[in-house]
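# One predicted model, sequence on top.
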Amino acid sequence: MKILFLLLFLFLIDYYFFLGTISVFSKNTYAHNFYKYFFWMLSLFVYFSITYLIFSSRNVEDYNYQNNNILFSTIFFIFFSAKAIGSLPLLLDDIFRCFKFIFNLFSNNSLDISRLDFLKKSALFISATIVSSMLLGIKFGRFNFKKYYSNIFIKNWNYDYKIIHISDFHLGSFKSKDKLRQLVSLINNENADLLLFTGDLVNNHYKEVIPFKSILKDLKAKDGKFSVLGNHDYGDYTGLKRSSKEWKDNFNNMIKVQEEIGFDLLLNESRLINKDQFKFNLVGVENWGAGNFNKDGDIDLAMKNVDDSLPTILLSHDPSHWRSVILKSKYKIDLQLSGHTHGMQFGVELKGFKWSPVRLRYKEWAGLYSSSKKQIYVNRGVGHLGYAGRVGIMPDISVLKIKNGTT
């Protein structure tokens, strides 16, 4: 039943956009017919894509399934976004027309309530721009790894310390070993003190890691490599129940494979990092996300053996954990590192300005934020999910230089 409502919703958006724009081509019969048939053939392909994604067997170990999932997710994301956002000028036009209609009911001077040609063409232009940008984002943005440098000040931090923070590999979507080698090389060139990974190593299944294990083993940091789990690392989106043997086997193998690639996986626990007599706490929790996301993270358990006289860095995949729990907690956590948002893989980021639709869901979605003497840094992710590209928000290697000071 849900698929019928979803397809009906998609059809209504398509029909609204089509009715609002078809008249642009009314003076040219060939262009009119071409637009009509092309529009609906493309729409049918999008309907097929979303139906496939919902009804296809979720064999996450099947290479063809993974490829088809990426292809159809990308098709759906591109064309749904283009028509939904492109409909905004038409909606604005309909609001104007509604006011004109009401005015005509009470006036002898009738106003023209036909659509404004400028807004119809604007709808087409916006949609075409979105499609073009997202196609270019597949070709040029998907693996355009960018280093984001930040100075972060923590009180009583008596050592200049370099941390590489990465997140959200989503190896089931990655596909390219050469690009992963390039990423590893970029990270290792920083000669960092510590490498911290904040979850979503895979899309669904631990076997996604297997083809990339030898490459990921080459990641280097002087004082070690640490990780936590993200919501995708549990296998909950495979349809398996947590009580099943298959789910437990996948989860246990996920823990094992992280160890095999050299990550010290923190499962609601802490480590004491000792650097030339300078010490700080590194705490990691399992995934905790607001709303319907799993809440396996237990900050009380993770902080159990922590010396609160020392600076503390927390790894927690979902940034909503910071605002929902950490800011309200009794614990002295100087800095939380998170990922999860990907910056929606779509937005605008210029010097001194950044915007993405994901900010409607997450107040902290990319970069550094602070409140109540606590800080959070959100990585934009190095991989991709759903849409196989990036527009404006590039794959993120965060180079964090931790220094002594206050926020």
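Sure, I can see it.
# What count of nearby residues applies to G352?
4 (other CB atoms under 10 Å). Heads up, the C-betas are built off the backbone N, CA and C, glycines and all.
# Ramachandran coordinates for the closest residue to R271 other than its chain neighbours?
Using CB to CB, 6 or more residues apart in numbering and skipping the chain neighbours, the partner closest in space to R271 is L282 (4.8 Å). Dihedral pair for L282: phi -120, psi 120, per degrees, to the nearest 10.
# Could you do V378 as well?
phi -110, psi 120.
# That one is in contact with S320, isn't it?
No: using CB atoms under 8 Å, V378 makes no contact with S320, being 10.4 Å away.
# Tell me how far T406 lies from V306.
21 Å (CB to CB, to the nearest Å).
# swap in A82?
Distance, A82 to V306, using CB to CB: 49 Å.
# next one: D94
D94 is 57 Å from V306, by CB to CB.
# picking that back up, T406 and V306: which is more packed in?
V306 (20 against 8).
# pLDDT wise, what is that one at?
What the model reports as pLDDT for V306 is 96.
# for S73, same thing?
87.
# Which residues are in contact with the nearest residue to it once chain neighbours are set aside?
Distance criterion CB to CB, 6+ apart; nearest residue to S73, sequence neighbours excluded, is G386 at 4.7 Å. Residues in contact with G386 (CB atoms under 8 Å, 6 or more residues apart in numbering) are 73-74, 77, 345.
# M41 now?
Per CB under 8 Å, 6+ apart, neighbours of M41: none.
# That one - that's part of a helix, no?
Yes: the assignment for M41 (DSSP: H, G, I helix; E, B strand; the rest coil) places it in a helix.
# and the gap between it and F48?
11 Å.
# Tell me, how many residues neighbour K295?
Counted with other CB under 10 Å, K295 comes out at 16.
# Which residue, neighbours along the chain excluded, lies closest to it?
The nearest residue in space to K295 (CB to CB, 6+ apart) is W288, at 5.0 Å.
# Could you do M254 as well?
Y206 (4.3 Å).
# And S133, by the same measure?
V391 (5.1 Å).
# tell me which element the residue of the chain most remote from its centre falls in.
Using CA atoms, centre = their mean, the residue of the chain lying farthest from its centre is N108. It sits 54.5 Å away. Here N108 is covered by no helix or strand, with elements defined by DSSP states H and E.
# What of the one 10 residues further on?
Following DSSP H and E, the helix or strand that holds F118 is helix 117-136.
# What backbone torsions are found at the nearest residue to Y362 once chain neighbours are set aside?
Of all residues not flanking Y362 in the chain, T341 sits nearest, at 5.3 Å (CB to CB, 6+ apart). The phi and psi values for T341, taken as degrees, to the nearest 10, are phi -80, psi -30.
# Spit out the contact partners of T341.
By CB under 8 Å, 6+ apart, the contact list for T341 reads 319, 358, 361-362, 365-366, 378, 380-381.
# if you set the cut-off to 7 Å instead, what comes out?
319, 358, 362, 365-366, 378 (CB atoms under 7 Å, 6 or more residues apart in numbering).
# before we move on, what about L171?
For L171, the contacting residues are 201-202, 208-209, 212, by CB under 7 Å, 6+ apart.
# likewise Q66?
Q66 neighbours (CB under 7 Å, 6+ apart): G172.
# Could you report the distance from it to I54?
16 Å.
# repeat for D178
From D178 to I54 the distance is 33 Å (CB to CB).
# before we move on, back to that, for the residue nearest to S133, give the beta-bridge partners.
F346 (DSSP bridges).
# count of neighbours near it?
V391, neighbours per other CB under 10 Å, totals 22.
# right, and it touches I138 too?
No: proximity of V391 to I138 does not meet the contact threshold set by CB atoms under 7 Å, at 9.3 Å.
# residue ranges for the strands of the stretch 251-400 of the chain, please.
264-265, 269-275, 278-284, 312-315, 335-338, 348-350, 353-355, 367-371, 374-378, 396-404 (DSSP state E, counting those that start in this stretch).
# Same list (those) but as TSV, adding mean neighbour count.
Output for the strands of the stretch 251-400 of the chain, formatted as TSV (neighbours: other CB atoms under 10 Å):
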stretch	mean neighbour count
strand 264-265	18
strand 269-275	16
strand 278-284	22
strand 312-315	26
strand 335-338	26
strand 348-350	12
strand 353-355	13
strand 367-371	16
strand 374-378	23
strand 396-404	20
